Each structure stands twice: as structure tokens, then as C-alpha cells.
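> structure here, sequence nowhere to be found:
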């Protein structure tokens, strides 16, 4: 058994739990149970789920993942009934993820949600303090129709900050238009850690998102390591776009929805200012859609900021995508007196 070896194991100890409920550090042997709990949570909020066992197993697979994740499994009579997790995204930004078996009595579900959110705050504050940060931010994701998560997030002082739209296109019958003669799209060669294309993609995605909501600069080494350790990463679906020999855009594909929906996923799409308004984003999108169609995928998905400063929602609709689901980013600043 490989335990979650977070550096704040003591801080992960929860407060008093309801009678009959116990909590322990999550371990790799818990992956199937955690997956079942998180899938049920997604289904309750959206009616669909994209989670895979590989995503959960990654919590325990590398030193980087184990250092950034702190997770507890809740049990009742030896049966897993919930999971609480905190993920350190940056030294001052943390992400809370909770799932409780909703078939349990509602009073118990509510009590475990309240306790779980208190625990995520304690863990985030403890980790941040160890890194010299006194007022970290804790985030939680709330799906559009998930009244239970919204109720508990709001009761705990989280505030809704931004909406994100899941865009979707069915690939049956998709036919790519004629290529834009001004834009050359090529597959990025990013397998090697010292690949020039890897550094170029980092620069393009970083620079193109500087004026977007909640931008946080990540070092190249951290960015590259996160992608190398991602079990669902797919370097064969990375593309760079050039105009007159200059790289002006990039697209990163991902396998987030492969197992659940047999769908491709566009994780990042960025175009530098000098490339905007010249058909670069459309050229990248159509290249990606055509490749996913050739691979036999049935659909392609992506998520977009509903208030994107570049009008990205309209761009995606222009290539045939439609709005499917909406989720909300909630924030709470910890250690700050009101």
C-alpha cells in the first residue's frame, strides 16, 4: 500500500466525526473506491462523468503528486462513503474536492460536507504556512445543477467568481474546410524535455493567457513537469501555428474525455496578439478536429471562460461547437479577517 505522503499529515487530521464514521489517509489501494465516489458526485451535478482511474491513481504515482495532494477517505462500518482532498496548485492557491455518498441520510451528508470544508481550510492554511504564505486562497468547483455543493460552498463563505462553459461538437459528418493558406499548422515535437517546441508552446500559452481571468505565471520547469506527469496527457495532439515562419499560436490536446466519452479534448488554445484576427485559432481548431475525427473519436470538448476577453465562445460556435454544461469557480480567501 502506498500512502498519500503529504508533508502535512498531522494537519490532515480532521475534527470530531459523526458516530460510526472514521477517516484515514487515502492510499493507492483506494483508487477504485475514490473513483466510484467522485464519479457519483459528477453524475449528481451534471448527469455525466469523465473521470478515469488513471486520474485518481496519479495522486499517488509521483513525488510531485504526493507532495501536492492531501486526501482522506471516510469510512462507515469499513465501507468508503466519502473522500476529502486538497490540491496545492500554487503556493498561495489551493483546490478543494469533496464527495460524500448521497444515498446516506441527508443529515449525515450535510454534516460530512461541513466538516470536510473545515478540514480543507485547515489543510490549506497549514501547507501555505509551511511555504511562508499567510493568506492562501481556496477554490471549489460547482456545477450548474449541483444545489448541494453550491449550498455548502456559500454557507462556508465561498463566493462565485466566474462561469465556464463546456463546448461540444459531434464529429459524425465533420468535414474540415480548406486550409487557410496564410497559416501553417504543424504537430509540435515535445517528447524530449529539451525540445525547442516544448519551450515554444510554454511561451505561446503563457503569453496568450496573460490578459485572461485568474492568470498565474508558472515557471517553465513546473509547467513542463506537470505535463510530463499527467497520465492523460497526449503530446501527439499538440499543434503550433505559424505565419511567415513565426509561431503565433498553439493548441494542447488531452485525453480527459477519452475513456468516458470517446471524445477528444482541447485543454489549451492560445494565440499571440500578432496572430489574432488572422484565422489562427480556427486553423488550429480545425486541424485538431480533423485529427480527432481521423482517430475515430466521436466528439470533441473544451471549456471556455464565459467572459473571455477574446470572445472565444463565439469562435468555438463558429466551427460548429455548441454549449453543453456550465460550471462555476468559487473562491475563499483564508486567514483574512472580514
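Thanks, I have the structure now. Everything numeric in this text was worked out from a predicted model, so none of it was measured.

> how far out from the middle of the chain is the strand or helix carrying residue 200?
Using DSSP states H and E, residue 200 falls within helix 196-208. Put simply, helix 196-208 sits 20 Å off its chain's centre (CA atoms, centre = their mean, to the nearest Å).

> before we move on, what about stretch 177-193?
25 Å.

> can you check stretch 331-338 too?
Remark: stretch 331-338 is offset 23 Å from the chain centroid, using CA atoms, centre = their mean.

> can you list contacts of the helix holding residue 200?
Helix 196-208 is contacted by residues 188-190, 192, 217-218, 220, 223-224, 238, 240, 247-250, 252, 268, 270-273 when judged by CB atoms under 8 Å, 6 or more residues apart in numbering. C-beta here means a position set from N, CA and C on the backbone, and glycine is covered the same way.

> in the stretch 1-150 of the chain, which spans are helices?
With helices called from DSSP state H, counting those that start in this stretch, the stretch 1-150 of the chain shows them at 31-46, 53-61, 63-68, 106-130, 147-155.

> of all these, which lies closest to residue 305?
Nearest to residue 305, of all those, is helix 31-46, at 18.3 Å by CB to CB.

> by contact count, what packs against the closest one?
helix 53-61, strand 69-76, strand 79-90, strand 93-100, strand 137-143 (3 or more CB pairs under 8 Å, 6 or more residues apart in numbering; DSSP states H and E).

> any buried residues in it, and which?
Residues of helix 31-46 classed as buried by neighbour count (16 or more other CB atoms under 10 Å): 31, 33-42, 44-46.

> which one of those sits closest to residue 179?
Relative to residue 179, the closest of these is residue 46; by CB to CB it sits at 35.4 Å.

> read off the pLDDT value for the closest one.
On pLDDT, residue 46 comes in at 87.

> ok, residue 310 next?
pLDDT, residue 310: 66.

> ok, now residue 80?
pLDDT, residue 80: 98.

> hang on, isn't it packed against residue 35?
No. Counting by CB atoms under 8 Å, residue 80 stays clear of residue 35, with 10.6 Å between them.

> and the helices of the stretch 1-150 of the chain as CSV, adding distance to residue 170?
As requested, the helices of the stretch 1-150 of the chain are exported to CSV (distance: least, CB to CB, whole Å):
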stretch, distance to residue 170
helix 31-46, 18
helix 53-61, 24
helix 63-68, 34
helix 106-130, 36
helix 147-155, 29
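
> looking at those, which is nearest to residue 229?
Smallest distance to residue 229 across the helices of the stretch 1-150 of the chain (CB to CB): 5.7 Å, for helix 63-68.

> so which bits of the closest one are buried?
Across helix 63-68, burial judged by 16+ other CB under 10 Å covers 65, 66, 68.

> for that helix, packing partners?
Short answer (3+ CB pairs under 8 Å, 6+ apart): helix 63-68 packs on helix 53-61, strand 79-90.

> try 7 Å this time
helix 53-61 (3 or more CB pairs under 7 Å, 6 or more residues apart in numbering; DSSP states H and E).

> poorly predicted segments of this protein, please.
Residues of the chain that meet the criterion pLDDT under 70 lie in 1-12, 309-310, 337-338.

> could you list the domains of it?
10-157, 166-325 (automatic domain parsing).

> next one: the longest one to chain centre, how far?
Right, domain 166-325. On CA atoms, centre = their mean, the centre of domain 166-325 falls 15 Å from the chain's centre.

> next: the shortest one.
In terms of CA atoms, centre = their mean, the centre of domain 10-157 is set 15 Å apart from its chain centre.

> and residue 55, how many neighbours?
The number of residues packed near residue 55 is 19, by other CB atoms under 10 Å.

> so it touches residue 230, yeah?
No. Residue 55 lies out of contact with residue 230 (CB atoms under 7 Å); the separation is 9.0 Å.

> please report phi then psi for residue 273.
Backbone dihedrals for residue 273, given as degrees, to the nearest 10, come out at phi -50, psi -40.

> neighbours around it, how many?
Neighbours of residue 273 using other CB under 10 Å come to 12.

> what about the nearest residue to residue 134 once chain neighbours are set aside, neighbour count?
Excluding the flanking residues, the one nearest residue 134 by CB to CB, 6 or more residues apart in numbering is residue 335, at 5.6 Å. For residue 335, the neighbour count with other CB under 10 Å is 14.

> residue contacts, residue 335?
Listed by CB atoms under 7 Å, 6 or more residues apart in numbering, the contact set of residue 335 reads 125, 134, 135, 136.

> just among these, which is most surrounded?
Among these, residue 136 has the most neighbours (other CB under 10 Å), with 24 neighbours.

> how about the contacts made by residue 82?
Contacts here follow CB under 7 Å, 6+ apart; on that basis residue 82 touches 37, 74, 99, 100, 101, 112.

> same check on residue 327?
By CB under 7 Å, 6+ apart, the contact list for residue 327 reads 141, 142, 143, 144, 164.
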